[in-house]
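*Asks:* here is the input, now give the coordinates:
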Amino acid sequence: MITGDIKAKIDRVWDTFWSGGISNPTDVIEQITYLLFIRRLDDLHTAALQRAQVLGQPITGAIFPEGTDDQGRDWNDLRWSVFRNFAPDRMYEVVDKRVFPFLQTLGVDGSTFSQHMEHSRLAIPNAYMLDKVVGLLSDIPMQNRDTNGDLYEYMLGKLSTSGTNGQFRTPRHIIDLMVNMTAPRPDDVIIDPACGTAGFLVVAEEYVRTHHAQALRTEEGRQHFHRHMFHGFDTDPHMLRIGSMNMLLHG
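*Replies:* Down below sits the predicted model:
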């Protein structure tokens, strides 16, 4: 459960988008999710660096390349902890011209994530607004996986009940009931043919983590859980991008 303080910070971020002319809730959630995901990538990279330092071994699992790109620009500039300290104009240029194109290169093995992120773009219109949003999001704690999920659910709750393409957001308690009645097992294959923001898939993975934790400790179980168990389809590419990042932010 996220606290009132975190909700207030998210509301301030939301108000910043609205005052900046981005009023479509789907667009707001998509842009916030991009930025939270970019911040998460920096956290993962930092953890990989610290792990390598403690073990005294070469770094594995790094997100960002070492050194500079083919134009002599430092790859570290793409990290949240670095560009958040830039002047607004420089931050905007780095995020727009370098970070988002970099996102599109992730998962180049043909993963569904790379397909969904192919048309990702920064829709924040100016450097001042980006600087303010990045500052607000930097103050939100993201270390706990459950907190990440609750935060995301709070944002998704701001979507209207009915979407433009016949979309309906199922309330969380109804999803919980249906998943508990279905009682997914660790060897199941779970498919949502109209996944939207992937709420059903997220609750299903939470159920499996809670009720079948032992089965996920084997290599076979982990591989099935992370690569083969969950499948979602939707006709709206915005929903596919949000759903994909929703799953990643839930672990």
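
*Asks:* how about the contacts made by Gly20?
*Replies:* Ile124, Pro125, Asn126, Met129 (CB atoms under 8 Å, 6 or more residues apart in numbering). The way it works is simple: take the backbone N, C-alpha and C, and place the C-beta from them, glycine included.

*Asks:* do you know how far it is from Tyr128?
*Replies:* 9 Å (CB to CB, to the nearest Å).

*Asks:* just Leu103 next, same as before
*Replies:* From Leu103 to Tyr128 the distance is 23 Å (CB to CB).

*Asks:* follow-up on the earlier one: specify which member of the contacts of Gly20 is nearest to Tyr207.
*Replies:* Taking CB to CB as the measure, Tyr207 lies nearest Ile124 of the contacts of Gly20, at 35.9 Å.

*Asks:* wait, the closest one sits on Leu130?
*Replies:* Yes: under the criterion of CB atoms under 8 Å, Ile124 makes contact with Leu130 at 4.8 Å.

*Asks:* got any residues that touch both of those two?
*Replies:* With CB under 8 Å, 6+ apart, Ile124 and Leu130 have common neighbours Tyr92.

*Asks:* quick one: residues contacting Met91.
*Replies:* Phe83, Arg84, Ala127, Leu130, Asp131, Val134.

*Asks:* just flag the most distant two among those residues.
*Replies:* The widest separation within the contacts of Met91 (CB to CB) is 13.0 Å, between Arg84 and Ala127.

*Asks:* neighbours of Leu201, just the number please.
*Replies:* 24 (other CB atoms under 10 Å).

*Asks:* which residues touch it?
*Replies:* Neighbours of Leu201 in contact, by CB under 8 Å, 6+ apart: Ile190, Asp192, Cys195, Phe230, Gly232, Gly243, Met247.

*Asks:* so of those, which ones are in helices?
*Replies:* Gly243, Met247 (DSSP state H).

*Asks:* please report which of the contacts of Leu201 has the highest neighbour count.
*Replies:* Most surrounded of those: other CB under 10 Å gives Gly243, at 25 neighbours.

*Asks:* ok, for it, nearest residue in space, not its chain neighbours?
*Replies:* Ala198 (3.5 Å; CB to CB, 6 or more residues apart in numbering).

*Asks:* what is the burial count for the one you found?
*Replies:* 26.

*Asks:* then Asn180?
*Replies:* Neighbours around Asn180, by other CB under 10 Å: 12.

*Asks:* again, but for Val99
*Replies:* 20.

*Asks:* then Arg51?
*Replies:* With other CB under 10 Å as criterion, Arg51 counts 13.

*Asks:* that one: what's it in contact with?
*Replies:* Per CB under 8 Å, 6+ apart, neighbours of Arg51: Ile59, Thr60, Gly61.

*Asks:* pretty sure Asp42 contacts Asp77?
*Replies:* No: using CB under 8 Å, Asp42 makes no contact with Asp77, being 11.5 Å away.

*Asks:* that older thread, more neighbours, Leu103 and Tyr128?
*Replies:* Leu103 (21 against 14).

*Asks:* touching, that one and Tyr34? I think so.
*Replies:* Yes: using CB under 8 Å, Leu103 makes contact with Tyr34 at a distance of 7.4 Å.

*Asks:* picking up where we left off before, dump the contacts of Met91 to a markdown table, plus secondary structure and distance to Tyr207.
*Replies:* A markdown table is the format used below for the contacts of Met91 (DSSP: H, G, I helix; E, B strand; the rest coil; distance: CB to CB, whole Å):
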| residue | secondary structure | distance to Tyr207 |
| --- | --- | --- |
| Phe83 | helix | 37 |
| Arg84 | coil | 36 |
| Ala127 | helix | 43 |
| Leu130 | helix | 37 |
| Asp131 | helix | 40 |
| Val134 | helix | 34 |
